[in-house]
Structures are given as C-alpha cells and as structure tokens.
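Enquirer: show me how the following folds:
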Amino acid sequence: MPYSPAPLATPDSTAVASADIRLVVTDMDGTLLDDDKRAPAALREVLDRLRERGVLFSPASGRQYATLAREFADVAEGMVFIAENGTYVVRDGVELSSDPLAPGVAAKVVAAVRQLVADGVDVGAVVCGKRSAYVERTDEPFLAEVRRYYVEHRIVEDVAAVDDEVIKVALFDFGSAERTTAPALAPFAATHQVVVSGEHWVDVMNRTANKGAALRRLQRELGITPAQTLVFGDYLNDLEMLDAAEWSFAMANAHSEVVRRARHLAPSNNDNGVLRTVARLLDLPVRGL
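Expert: Residues are numbered from 1 along each chain as shown. Coordinates of the predicted model:
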C-alpha cells in the first residue's frame, strides 16, 4: 500500500543520522533540472562524492536512453539509466530490463491521435522504439519539443508502421495534456497505462511499466532495500517510484498528488533541491550546497 502521510518539510536529525543510502534516483525535468532545463552547477561534484561513497546514482525519466546517456556522457560508467518512464533500463550500454508494447498497440494510439488532430487538437505522436523515436509531424514547434527529449529521432511517413521494438507512445499536446489529450485516451486505460508525465506530455505504456516497477527490479538485482533508496520526483509519472523508496521526496514545485504521496519535501528544482537534499542526507562536502 502507498505510504501517504502529510509530507515533512525536512527529515528529523535522528532519521538523517541513521540513513544508509545506497541508491539515489531522480527524475530529470522539473526535478533535477531547473525550468530552463539546465543541470545544477554542482552536479558533477556531487556525482564524484557519491561514487567515493559507493552510492549509485540513477536518472529516471520519460526521456529516451540516448538523451540521458548524452546528458551524463562523461560520468555514465556504471550509472543505471531508467529511461522512457521505466520501459527501458540500461547500464553501460547493456539492457537490464524493458517492457515493450504488443504489436499493433502503437498503431491504435496513433489512430486516436490522428482523430484528435482532426477534431482540432494541436497534438503530435512520438512512437518510442529501442533504436529511435519516430515522428511524422514536421513543423518546427513540434520538432523543437521532440529534440529536447529525443536525441535519436527520425521523421517517417507513417509512425504507425515503424520497424522497431516499441516501448511506449508519447504525445505532446500544445495545450493541457491533463485536460485534453489524456481524457481522450481513456479507452486505452482499461488495458494500458495512460500517464500524464508533464504539463504537455502523455505516455501510453503497458500496465506493468512505470518507473517504480523498474526501480523495484533494480533494487532486487542490486540487493538494495527501499530503506536504502532515496528518490526525487515532481509529476504523476513519478508516483510509483516514490512508493518504492522510504526516502521519497516531492519537490516543492511538484504536482499536488506527488506532494501527497511522498514522505518528505525537497526545495524546488529552481532552488537546487535534489543536490541540496542529497548533500544534507549523506553529509557530502560539496561547495555551495
């Protein structure tokens, strides 16, 4: 059962002193990155300190693996990337787990998106495969959003007919994904997950796929317990991941449901909340934190 008391502003000193953190997992957008999508200046120093302590750091994001690998290219060795909202997990270029969609599912989601477009909704589909992401919209505003999260992407004539192992379908709504696109995809919710992963993004994945399921598999493989796991998130696609850690933190800027679900609160993404909290809990000597 999810643990959902009123979040604490900060953990008490006794709890901090007894913390035995072995794994730090953080969402990227709205959590580790600021609103301008910039990583904290002290990130590399904190990662070095974590390595010295034998603590594993794992980005967990709706972004594709190629995008995350590029972001952490100079420190990626040994790092576990929980990509595509948990549907694809990779370490040192080796797949640890994946949860691909059954054949034909992506085509049905794409058909629903095309109907939304016909009804006047400004939305586009990104079919996410293991090798690449695929889009058929070619307008620059849409492609600019795609490039931000999908370094490896291809423009194709028909995204419903790509030759790749599809792990999710991501939809970008230029309006409100939570109010417009997600409700329109309700028929898929009976058999799949329809997850609002940001103000403008909705992901359709298998019911068994989420960041939390990926994290629990990783914990089992590494022999790390929820009590040894520190997690940060800000949006609805982070909920299951928060449930998998006793040290679960919602960012101060988080969605209200995320704040309700987490055990603790961290400062906002624009206030370097992830690194400040990590440095405090693990007593890391990092300048400027």
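Enquirer: the stretch 1-150 of the chain: helices as residue ranges?
Expert: Secondary structure of the stretch 1-150 of the chain (DSSP state H, counting those that start in this stretch): helices at 13-17, 43-53, 65-71, 105-118, 140-149.
Enquirer: low pLDDT regions in the protein?
Expert: By pLDDT under 70, the low-scoring segments of the chain are 1-18.
Enquirer: circling back to that earlier point, quick check: which of the helices of the stretch 1-150 of the chain is nearest to E199?
Expert: helix 140-149 (11.5 Å; C-beta to C-beta). Backbone N, C-alpha and C define where each C-beta goes, glycine included.
Enquirer: hmm, R280 and L230 touching each other?
Expert: No. Counting by C-beta atoms under 8 Å, L230 does not reach R280; the two are 10.9 Å apart.
Enquirer: more crowded one of these two?
Expert: L230 (24 against 14; other C-beta atoms under 10 Å).
Enquirer: within the helices and strands, which one has the more buried one?
Expert: strand 229-233 (DSSP states H and E).
Enquirer: and for whichever helix or strand comes after that strand, what are the contacting residues?
Expert: On the C-terminal side of strand 229-233, the closest following helix or strand by DSSP H and E is helix 239-243. Here helix 239-243 makes contact (C-beta atoms under 8 Å, 6 or more residues apart in numbering) with 2-3, 25, 27, 60, 86, 210-213, 215, 231, 233, 248, 250, 257-258, 261-263.
Enquirer: generate a ChimeraX selection restricted to the buried subset of those residues.
Expert: Here is the ChimeraX command that selects only those of the contacts of helix 239-243 that count as buried (16 or more other C-beta atoms under 10 Å):
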select :25,27,60,86,210,211,212,213,215,231,233,248,250,258,261,262,263
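Enquirer: which members of the contacts of helix 239-243 occur in strands, if any?
Expert: Using DSSP state E, the members of the contacts of helix 239-243 that fall within strands are V25, V231, G233, S248, A250.
Enquirer: tell me the spacing between the last one and V117.
Expert: In this structure, A250 and V117 are 34 Å apart, going by C-beta to C-beta, to the nearest Å.
Enquirer: same check, this time on the second one
Expert: To V117, V231 is 36 Å away according to C-beta to C-beta.
Enquirer: the fourth one too?
Expert: S248 sits 38 Å away from V117, taking C-beta to C-beta as the criterion.
Enquirer: for A106, give me its contacts.
Expert: V127, V159, A160, V162, V166, V169.
Enquirer: what's around the closest residue to A39 other than its chain neighbours, how many residues?
Expert: In this structure, A39 finds its nearest non-sequential neighbour in L33, 6.0 Å apart by C-beta to C-beta, 6 or more residues apart in numbering. L33 has 20 neighbours, counted by other C-beta under 10 Å.
Enquirer: do V156 as well
Expert: V156 has 15 neighbouring residues, counting by other C-beta under 10 Å.
Enquirer: got it, and the one 4 residues further on?
Expert: Neighbour count for A160, taken as other C-beta under 10 Å: 19.
Enquirer: next up, the contacts around it.
Expert: By C-beta under 8 Å, 6+ apart, the neighbours of A160 are A106, A107, V110, A111, V127.
Enquirer: looking at it, the second one is touching D158, isn't it?
Expert: No. Shown here, A107 and D158 do not form a contact pair, counting by C-beta under 8 Å, at 9.1 Å.
Enquirer: those two: which is more packed in?
Expert: A107 (17 against 11).
Enquirer: contacting residues for that one?
Expert: By C-beta under 8 Å, 6+ apart, the contact set of A107 is A160, A161.
Enquirer: ok, it to D119 distance?
Expert: Distance, A107 to D119, using C-beta to C-beta: 19 Å.
Enquirer: and if you look at F57?
Expert: Applying C-beta to C-beta, the value for F57 to D119 is 43 Å.
Enquirer: which one's more surrounded, the two?
Expert: With neighbours defined as other C-beta under 10 Å, F57 and D119 compare such that F57 has more, 20 against 10.
Enquirer: centroid-nearest residue for this structure?
Expert: Taking C-alpha atoms, centre = their mean, the centroid of the chain lies closest to S61, which sits 2.2 Å from it.
Enquirer: now, the most widely separated pair of the contacts of A160?
Expert: Maximum distance among the contacts of A160 (C-beta to C-beta): 12.2 Å, for A111 and V127.
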